[in-house]
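In: Next come a sequence and a model predicted from it.
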Amino acid sequence: MSQTIQVLDKHFVPFLDASTIQTKVQELANQLAADYQNKKPLFLCILNGAFMFASDVFKALPIDAEICFIKLASYKGTKSTGNVITSIGLDVSLTNRHVIVIEDIIDTGKTLHSFLPQIHNQQPASVAIAVLLHKPEATTYEVPIDYCCFTIPNKFVVGYGLDYDGFGRNLSAIYQLAE
Ligand code: IMP
C-alpha cells in the first residue's frame, strides 16, 4: 500500500487495504446468502458512510434481496456530537420483512441504539445488524451486532465511504489518523 496520505488538514496512515476489505465483503455476502436463502431480505443502508460497503455487499449477494436507505448523522470532524439527526427518513414498510441494517462503523453505538426502536416499531419479521467496522473500546451504547467485518482500535479512520468532514470517502482502502 501507499504511504501516508492527507485529507484536509490531517494525515492518515494505511490501515486496511482494498483487497483485504473486498475479501471480507465477499465472505459476508456468502454468509448472508446462506442465512437468508428464500427470505428476500431488505437491506437498510445507513447513509452516508455505509453507501460503498452496502453497494459492494449487495452486488456480491447471490440471492433475491431489496435495498433502501436512511440518512442518520452524529459526527462533526473527528468527534461524535452525541446528537443523532435523521435527515432522510424511511420510505418503505419494514413490517414482516427480514431487515438487515448495513452500517459503516459502530463507534459509541449511539446512532444505531437510538434508531433501532423505530425499526422494531414496524414489526419486522427479523432484524440483523451488519457492520464493516466496530470500535469496541469506544462503544458505550448497547448494539446487537450480528455480522462484523473488522474489529478495530479506537482511532479515527477514513476511506471506503467513511469521511473526515466530508472528504476521503472515495478512497478504496481505509486509513487511520496518524499520531
Ligand atoms: P456512533 O453513533 O458513535 O456509533 O457513530 C456512528 C457514526 O459515526 C458512523 O456511522 C460514522 O458515520 C461516524 N464515525 C464513527 N467513527 C468514525 C471514524 O473513525 N471515521 C469516520 N466516521 C466515523
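Out: Yes, it's here.
In: okay, now the closest residue in space to Leu16 that isn't next to it in sequence: neighbour count?
Out: Spatial nearest neighbour of Leu16, chain neighbours left out: Ile174 (4.2 Å); criterion: Cβ to Cβ, 6 or more residues apart in numbering. All C-beta atoms are positioned from the backbone trio N, CA, C, and that covers glycine. Here the count is done by other Cβ atoms under 10 Å, and Ile174 has 25 residues near it.
In: Can you read off the backbone torsions of Asp163?
Out: When read as degrees, to the nearest 10, the backbone of Asp163 gives phi -120, psi 160.
In: For it, which non-adjacent residue is spatially closest?
Out: Distances taken as Cβ to Cβ, 6+ apart put Arg169 closest to Asp163, at 4.8 Å, once the chain neighbours are dropped.
In: in the chain, which spans are strands?
Out: Along the chain, counting by DSSP state E, strands occupy 5-7, 10-16, 42-47, 66-76, 79-88, 98-106, 126-134, 147-151, 157-158, 174-177.
In: how about the ones you listed in a markdown table, adding mean pLDDT and distance to Asp56?
Out: Formatted as a markdown table, these follow (pLDDT from 0 to 100; distance: least, Cβ to Cβ, whole Å):
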| stretch | mean pLDDT | distance to Asp56 |
| --- | --- | --- |
| strand 5-7 | 98 | 21 |
| strand 10-16 | 98 | 13 |
| strand 42-47 | 97 | 11 |
| strand 66-76 | 83 | 12 |
| strand 79-88 | 68 | 21 |
| strand 98-106 | 98 | 10 |
| strand 126-134 | 98 | 10 |
| strand 147-151 | 98 | 11 |
| strand 157-158 | 98 | 17 |
| strand 174-177 | 98 | 13 |
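In: thought Leu133 was touching Cys149?
Out: Yes. The criterion here is Cβ atoms under 8 Å, and Leu133 meets it with Cys149 at 7.0 Å.
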